[in-house]
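Student: no sequence on this one, just coordinates:
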């Protein structure tokens with residue numbers, strides 16, 4: 001049984017709807033963020049990447065960065081740029097990108113569901129990244145970026161969403177980064193209760209994106225429990241900000257790989273080594289794989305298709321059968337000697353949103369070989385999480401990204 005409840009969000013005043021929301025903090029560098037906020041003092045990047053308001057070269061983990069984030073957030077609230085709903089609400093959040101839409105419900109999930117594995121994970125977190133967000137959440141006393149959750153679709157929940165959208169006008173409707181963003185406020189108490197009750201029939205929710213933010217939010221909740229020994233469980237710090245989408249509406253894009261060298265092999269030697277595990281065919285143009293266990297490979301100006309031979313595919317193992325696992329084991333590890341893709345500086349990862357042309361650019365500049373992947377599926381993600389297993393690094397790339405600054409959940413309200 002999943003706990004998912006409404007909350008009194010701080011959110012942009014209507015005339016600020018396109019000025020405040022911003023892409024998540026972890027998809028750009030500090031330098032890129034400085035450029036992105038020029039001419040827009042209201043951008044939420046002033047909270048999520050507050051180092052941009054401090055001298056260039058400031059350590060992003062300096063206390064001053066977290067204190068500046070809190071100052072900037074409180075300023076938006078005090079000035080009325082962010083307004084707060086007077087009672088707990090759910091929020092319907094629809095995104096349309098390239099004619100494909102996904103519609104989720106914004107609410108608060110329980111830290112106990114995370115601890116007890118009702119909310120399931122598929123990634124390990126890094127202590128340094130987790131500690132950064134712990135300090136950010138704790139200092140700001142708020143969840144500023146939503147966790148991207150998914151669940152196996154329930155028609156009863158979808159019906160409530162459809163009914164509300166058909167009979168109510170949105171509070172926000174704008175375009176950001178070529179994605180249409182539309183929000184409805186569900187402020188009817190009976191409907192809020194109905195939605196919460198429906199989620200009680202959802203056996204599990206899954207983290208699609210935001211493992212570090214989620215782990216950090218949970219840890220801050222635990223810290224507050226340690227501080228306030230007599231907590232009731234209803235305090236806001238027992239919950240964290242999330243958007244829950246039905247699985248059928250989500251799309252995972254390819255997460256491609258580029259490598260700096262061929263580990264001392266010539267191109268011919270490398271292709272010969274790859275041919276032991278894959279059927280290799282040269283292509284006359286860009287090759288994007290169109291089914292599982294196939295890969296595109298670019299060396300120089302030549303594209304190849306790779307098809308995994310049956311003997312290297314273990315369909316009984318939900319992790320081993322992933323294409324990212326097949327490539328890692330049989331090419332990156334065994335041939336290119338990249339044992340740990342998380343730390344090896346010879347490999348880089350390119351989100352599918354940037355297209356195959358970006359792979360060609362990298363191979364023509366600083367890389368030697370590129371691999372175009374077939375996307376991992378949401379069903380793959382759920383199967384691995386259900387088994388209590390962990391996906392290899394850089395297995396999923398979700399688009400569109402959820403904006404930060406559309407909804408803020410304070411922990412002390």
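Tutor: Great, that's in hand. This structure is a prediction, so every number in the text was calculated from the model and none was measured.

Student: How about residues contacting stretch 270-277?
Tutor: Here stretch 270-277 makes contact (Cβ atoms under 8 Å, 6 or more residues apart in numbering) with 262-263, 265, 280, 297, 299, 304, 306, 308-309, 312, 330-331, 335, 369. For every residue, glycine as well, the C-beta is placed using N, CA and C.

Student: are any of those buried, and which?
Tutor: In the contacts of stretch 270-277, burial by neighbour count holds for 262, 263, 280, 297, 299, 304, 306, 308, 330, 331, 335, 369, counting by 16 or more other Cβ atoms under 10 Å.

Student: Backbone dihedrals for residue 147, both of them.
Tutor: Its backbone dihedrals place residue 147 at phi -80, psi 140, with angles given as degrees, to the nearest 10.

Student: Next, the contact list for it, please.
Tutor: Per Cβ under 8 Å, 6+ apart, neighbours of residue 147: 109, 207, 209, 210, 213, 214, 217, 240, 241, 242, 243.

Student: could you redo the last one with a cut-off of 10 Å?
Tutor: Residue 147 makes contact with 109, 114, 119, 205, 207-218, 240-244, 402 under the criterion Cβ atoms under 10 Å, 6 or more residues apart in numbering.

Student: Residue 74 now?
Tutor: With Cβ under 10 Å, 6+ apart as the criterion, the residues that contact residue 74 are 47, 82, 140, 141, 142.

Student: related to what we said a few turns ago, inside strands: which ones of the contacts of residue 147?
Tutor: 109, 119, 205, 207, 208, 209, 240, 241, 242, 243, 244 (DSSP state E).

Student: what are the ranges of the strands in the stretch 101-250 of the chain?
Tutor: Taking DSSP state E, counting those that start in this stretch as the criterion, the stretch 101-250 of the chain carries its strands at 119-120, 142-143, 147-151, 172-176, 179-186, 205-209, 239-246.

Student: Out of those, which is the most enclosed?
Tutor: A comparison of these by mean neighbour count, using mean count of other Cβ atoms under 10 Å, puts strand 142-143 on top with a mean of 28.

Student: Run me through the strand neighbours of it, direction for each.
Tutor: Paired with strand 142-143 in the same sheet, following DSSP bridges, are strand 409-410 (antiparallel).

Student: Distance of residue 121 relative to residue 68?
Tutor: When Cβ to Cβ, to the nearest Å is applied, the distance between residue 121 and residue 68 equals 31 Å.

Student: ok, now residue 398?
Tutor: Look at residue 398 and residue 68: by Cβ to Cβ, they are 29 Å apart.

Student: In which helix or strand does residue 273 reside?
Tutor: Counting by DSSP states H and E, the element that carries residue 273 is helix 267-274.

Student: returning to that earlier point: which one of the strands of the stretch 101-250 of the chain lies closest to residue 413?
Tutor: When the strands of the stretch 101-250 of the chain are compared by Cβ to Cβ, strand 142-143 sits nearest residue 413, at 9.2 Å.

Student: The closest one: how far from the chain's middle?
Tutor: 17 Å (Cα atoms, centre = their mean, to the nearest Å).

Student: which outside residues touch that strand?
Tutor: Counting contacts by Cβ under 10 Å, 6+ apart, the residues outside strand 142-143 that touch it are 7, 10, 47, 69-70, 73-74, 77, 108, 133, 136-137, 213-214, 216-217, 220-221, 236-237, 239-242, 404, 407-413.

Student: Buried members of those residues into ChimeraX, please.
Tutor: Remark: buried members of the contacts of strand 142-143, expressed as a ChimeraX selection using 16+ other Cβ under 10 Å:
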select :7,10,47,69,70,73,77,108,133,136,137,213,214,216,217,220,221,236,237,239,240,241,242,404,407,408,409,410,411
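
Student: Skipping adjacent residues, who's closest to residue 315 in space?
Tutor: Nearest non-adjacent residue to residue 315, counting by Cβ to Cβ, 6 or more residues apart in numbering: residue 321, 5.1 Å away.

Student: Identify the residues contacting that neighbour.
Tutor: 292, 293, 308, 313, 314, 315, 380, 383.

Student: do residue 171 as well
Tutor: Going by Cβ under 10 Å, 6+ apart, the list of residues near residue 171 reads 11, 12, 14, 17, 91, 92, 182, 183, 184, 185, 187.

Student: what separates the nearest residue to the third one once chain neighbours are set aside from residue 158, distance-wise?
Tutor: So that's residue 14. Closest residue in space to residue 14, ignoring its immediate chain neighbours: residue 171 at 6.6 Å, by Cβ to Cβ, 6+ apart. In this view, residue 171 and residue 158 are 21 Å apart by Cβ to Cβ.
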